[in-house]
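Novice: only the shape, not the letters, is given here:
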C-alpha cells in the first residue's frame with residue numbers, strides 16, 4: 001500500500017467514526033456519470049472500457065450502502081436520451097447493463113427495474129423483467145435500476161396510467177379533475193410504494209439532475225462529486241453521507 005492509499009485509509013476511518021451515530025439516508029439515488037470521459041482520460045478509444053469499469057463499481061457501492069444502513073438505492077444506468085446514441089456504442093452498453101443486472105441477481109440483491117421498458121430492445125427488457133421476478137421475494141436493500149429512464153417521461157407515463165385507471169372505472173375527466181391531487185400521481189410513478197430519495201449523488205463534476213427523479217427529488221439533498229464514476233471511492237461515499245448529515249433538512253421555504 002502506497003503512502004497516498006494509507007493516508008486515504010486513515011481519513012476514511014476518521015470519517016467512519018464521525019458517522020457512527022448519524023442517521024443514514026433511507027433512499028440514495030446515484031447518477032453514475034463520467035464513464036465515457038474516464039475511458040478517454042485513461043487512453044481507451046473504445047468507451048465500453050469505461051462502461052464496464054463503471055458497472056464493476058456498482059457492487060462496491062451497494063456494499064457500502066448496506067453497511068451504512070441505506071434501505072433503497074436507485075441507479076441511473078441509461079436515460080431515454082442515451083437511446084439515441086450511435087448503435088456501435090449503444091449495443092455494447094446495453095450488453096454491459098444486461099450482464100450487470102445478471103450479476104446483481106446472482107449476488108443476492110432485490111432488483112427492481114424502472115423506466116420505459118417498451119423503448120428498450122426486447123432482450124434487454126426481458127433481462128430486466130426476469131430480474132424483477134427472480135428477486136421480488138428477497139429481503140433487505142432494494143436496488144432500483146433505471147434503464148431507459150427519463151424524469152419527464154415518467155411523469156407523463158404516470159398521468160397516462162392514472163387516466164387509464166379512472167377510465168376503466170367509468171369515470172369522466174370531470175370526475176377526475178374533482179379528486180386529482182399529488183398523491184394520485186405519485187401512486188402511478190415507477191417508484192410507487194417507495195420513499196422519495198433523501199440523498200442524490202452525481203459524479204463527474206456535473207451539477208444538474210438532467211431529469212433524474214424529477215418528481216421524487218423535490219425535498220432531496222444533493223451531493224456533487226468531481227470524480228468520474230469508475231473512480232468513485234468509499235471515501236467519496238462517506239463524504240456524501242457526512243454532507244447529508246450536516247444539513248438541516250427543511251420541507252418548505
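Specialist: Received the coordinates, thanks. A quick note: this is a predicted structure, and the numbers were derived from the prediction, not measured. Numbers count the residues shown, from 1 in each chain.
Novice: for residue 147, what are phi and psi?
Specialist: Main-chain dihedrals, residue 147, degrees, to the nearest 10: phi -130, psi 130.
Novice: surely it touches residue 119?
Specialist: No: between residue 147 and residue 119 there is no contact under Cβ atoms under 8 Å: 9.5 Å. Any C-beta I mention is one placed from the backbone N, CA and C, and that applies to glycine too.
Novice: so which of the two has more stuff around it?
Specialist: Using other Cβ atoms under 10 Å, the more surrounded residue of residue 147 and residue 119 is residue 147, with 29 against 16.
Novice: helices along the stretch 1-150 of the chain, start to end?
Specialist: Under the criterion DSSP state H, counting those that start in this stretch, the stretch 1-150 of the chain contains helices at 3-19, 35-41, 48-68, 87-106, 122-135.
Novice: for those, give me JSON lines that also has mean pLDDT, distance to residue 192 and mean neighbour count.
Specialist: Shown next, in JSON lines, are the helices of the stretch 1-150 of the chain (pLDDT from 0 to 100; distance: least, Cβ to Cβ, whole Å; neighbours: other Cβ atoms under 10 Å):
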{"stretch": "helix 3-19", "mean pLDDT": "70", "distance to residue 192": "31", "mean neighbour count": "12"}
{"stretch": "helix 35-41", "mean pLDDT": "97", "distance to residue 192": "29", "mean neighbour count": "19"}
{"stretch": "helix 48-68", "mean pLDDT": "97", "distance to residue 192": "22", "mean neighbour count": "19"}
{"stretch": "helix 87-106", "mean pLDDT": "97", "distance to residue 192": "21", "mean neighbour count": "17"}
{"stretch": "helix 122-135", "mean pLDDT": "98", "distance to residue 192": "14", "mean neighbour count": "16"}
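Novice: contacting residues for the spatially closest residue to residue 16 that is not a sequence neighbour?
Specialist: Distances taken as Cβ to Cβ, 6 or more residues apart in numbering place residue 238 nearest to residue 16, at 6.5 Å, with adjacent residues excluded. For residue 238, the contacting residues are 12, 15-16, 19, by Cβ atoms under 8 Å, 6 or more residues apart in numbering.
Novice: over to residue 109?
Specialist: 62, 135, 138, 140-141, 143.
Novice: which member of the residues you listed is positioned nearest residue 223?
Specialist: Of all the contacts of residue 109, residue 62 has the smallest distance to residue 223: 17.4 Å, by Cβ to Cβ.
Novice: please report the distance of the closest one from residue 10.
Specialist: 25 Å (Cβ to Cβ, to the nearest Å).
Novice: same check on residue 46?
Specialist: Taking Cβ to Cβ, one finds residue 46 at 37 Å from residue 10.
Novice: residues near residue 81, how many?
Specialist: Neighbours of residue 81 (other Cβ under 10 Å): 11.
Novice: residues in contact with the spatially most central residue of the chain?
Specialist: By Cα atoms, centre = their mean, the chain has its centre lying nearest to residue 75, at 2.0 Å. If a contact means Cβ under 8 Å, 6+ apart, then residue 75 has 30, 32, 58, 143-146 as its contacts.
Novice: returning to that earlier point: can you redo the contacts of residue 109 as a markdown table with distance to residue 207?
Specialist: Converted to a markdown table, the contacts of residue 109 look like this (distance: Cβ to Cβ, whole Å):
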| residue | distance to residue 207 |
| --- | --- |
| 62 | 25 |
| 135 | 34 |
| 138 | 35 |
| 140 | 32 |
| 141 | 27 |
| 143 | 25 |
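Novice: surely residue 201 is within a strand?
Specialist: Yes: under DSSP: H, G, I helix; E, B strand; the rest coil, residue 201 falls within a strand.
Novice: for it, give the beta-bridge partners.
Specialist: residue 30, residue 223 (DSSP bridges).
Novice: tell me, how many residues neighbour it?
Specialist: With other Cβ under 10 Å as criterion, residue 201 counts 27.
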